[in-house]
Structures are given as C-alpha cells and as structure tokens.
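Participant: sequence below, structure please.
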Amino acid sequence: MKPLIFDNPFRLLAAFLSPWKDGLKVHRPDLRLHALEIDWGRLVYAANLHLCTPLWYARLKQDGLLEFLPESLIDYLQTLYQMNLARNQTFIRALEHLLIRFNSAGIDTVLLKGAACFCDNLYQAPGARISGDMDILIKSRDMEPAEDILLESGFVNIHTPGIKAARIVTHTGAHHLPRYNLPGTPVSVELHFRIGQGKSDEILSPETCWRHSLPMSLCSQRTHIPDPAFRLLHNAVHALIQDRGFIRSEMPLRQLAEFSHIVHVYQDQIDWDAWVSAGRKSKIHTPDLGKRKLIKTQKDL
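Facilitator: Predicted coordinates:
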C-alpha cells in the first residue's frame, strides 16, 4: 500500500525539508517504489509558494535522494539553487562591507533571521535560504550614524509607508528605518531599533534581544546573533504575528523548516524554559507545551 504521505504535497515537502532523517517518513524503499506516482509539479508549486525551493534541493542532495527525481526537475532545482547561491553571496559581500564600517564606527549589531544564517551556516548549504533583505538590529543611539554609513556605501532609500527617509519615524508602530537598497543588486537592508511592532515588541523587546545575543563573526567581522531560544522565539513571533500567520491560520514551510533546523543544530543549547516563559508572560502560551513535545513536533515535520 502506498503511504498516505505521498498523496499530500505539503506533508511530503515538509518531510523532504526535515533535518531529522531518523524520523523521515519518506524512506528510500518507499520513494524508489512510488517516485513515478508522485505529482512533482504540485511539490514544485508548494516549494515555490513557500519560498523553500533552494532548501528542498539542498536537503535532497544532502540526503542522497536526488536520484529519485525526474532529470528535468533536478536541473530545474539545481538552477534555482545556483541562482540563489549567487544572490546570497552578493548579500554576504555587502554585509561584510557594512560590518567593517559599523565596527569602525563603534556600532554594535545583531543579525536577525536570514542574516543570522550567514554567520552559522545553519543549513550547511549557503544557497539554501531565500532572503528578501538583511535585518540588522542596532541601538537607537546609533541610528543616525548607521544610516549615514548606508548612504555613504551607495544605498538608496526605498519608500516605506508611514516612515520618512529623513530619519524621522512618523508611524508609532514602526520598528525599523526605511528599507535601503544597493542599486544594481538584490541587496536591501532594514536597520531595526525594535524587533517588531505591537505584540511582537512586547514579547521580544530589543533589550531582551541584546541581553540574549551571542558574539559571532562574519568574514572576520564581529557581530551578534540571538541565542538559540530567542532566535526560535523571533522565528515564531515573526511568522505568527508580524506576518499574520495566526490570523490566516497558516505557518509557512520556510519558517517551520528554519525552526526545525535551529532545533536540530542547537538542541542541547536551547533554554526551552525561557522560550515557554516568554509566551506565558505575553499570554500566548499553550499550557501543556513542554520541551519534549516541542522537539517531537519538529521531528515529525
């Protein structure tokens, strides 16, 4: 009998993206037997929709599963991966330049989301993660000199509703300066003075993020990333609140995959009590949510 997972593109793609191969529901014998029955087009559609196609290719390659795909699909996935790899390398070069300037000016930084992945190579494949921009947390007192560095480095302002380019936040809910783009490149930067708006800011304040950050380096330039528990917290808060996933009753596979990879890489270093406590303080916790259940849930993905 064909396993039910092969009839569900979302679950099947989630299994492919999982970093836990001991719990993978796509076993090689099953895949070999049913590969011709899989609607690969539906999987491609889901992967593109959830912005995780390069990660899908990276995981297939790492897990030795590419051989079961149609050759045309392998070529397609490899092409997208290489394109995203080149894009990410452009991001990293621009980020290195900015960190050199920021460090010279005595401006401390915390790299968030995709930018943090550049530091620790979370996916063990530098072209795996798609990033729309680079989110950099700096202290409020450093906003003007940091913005000057962006301008001096050739970045130009991209109009953001509710925020003026002249360093003045006009919307009380704003949590970062206007987005800046480096012309002729895909590189965009958002300088954050808060992590998010409203409930997001209540759950994960900038003071909390600074207090729970880890010193890191990128291309020999010093910076910070949130520690694993608060990196997970930011992942959940951004997906469910900032991106309105809770309202829409959805959780993008890209966010679930990142949560799973962080747990997989840092599982022995995660302060789950701090993670759950943050939810309880903000009244968004589930009473019976514990470390064992969390890890099991991620493995099941």
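Participant: and the closest residue to residue 105 other than its chain neighbours, how many neighbours?
Facilitator: Spatial nearest neighbour of residue 105, excluding adjacent residues (Cβ to Cβ, 6 or more residues apart in numbering): residue 145 at 5.7 Å. Heads up, the C-betas are built off the backbone N, CA and C, glycines and all. Using other Cβ atoms under 10 Å, the number of residues around residue 145 comes to 14.
Participant: so residue 145 makes contact with residue 104?
Facilitator: No. Using Cβ atoms under 8 Å, residue 145 is not in contact with residue 104, being 10.7 Å away.
Participant: now residue 97: how far from residue 238?
Facilitator: 26 Å (Cβ to Cβ, to the nearest Å).
Participant: kindly report the same for residue 200.
Facilitator: Counting by Cβ to Cβ, the gap from residue 200 to residue 238 is 7 Å.
Participant: ok so, going back, shouldn't the residue nearest to residue 105 be within a helix?
Facilitator: Yes. Under DSSP: H, G, I helix; E, B strand; the rest coil, residue 145 falls within a helix.
Participant: what residues are bridge-paired with residue 188?
Facilitator: When bridges are called by DSSP bridges, residue 188 pairs up with residue 181.
Participant: give me the neighbour count for it.
Facilitator: As a burial measure, residue 188 scores 18 neighbours (other Cβ under 10 Å).
Participant: contacting residues around it?
Facilitator: 132-134, 158, 179-182 (Cβ atoms under 8 Å, 6 or more residues apart in numbering).
Participant: what pLDDT is listed against it?
Facilitator: Looking at residue 188, its pLDDT is 95.
Participant: next, the distance between the ends of stretch 212-228.
Facilitator: End-to-end distance of stretch 212-228: 9 Å, with Cα to Cα, to the nearest Å as the criterion.
Participant: same thing with stretch 20-33?
Facilitator: Terminal residues of stretch 20-33 are spaced 22 Å apart (Cα to Cα).
Participant: state the mean pLDDT of that stretch.
Facilitator: Per-residue pLDDT over stretch 20-33 has a mean of 66.
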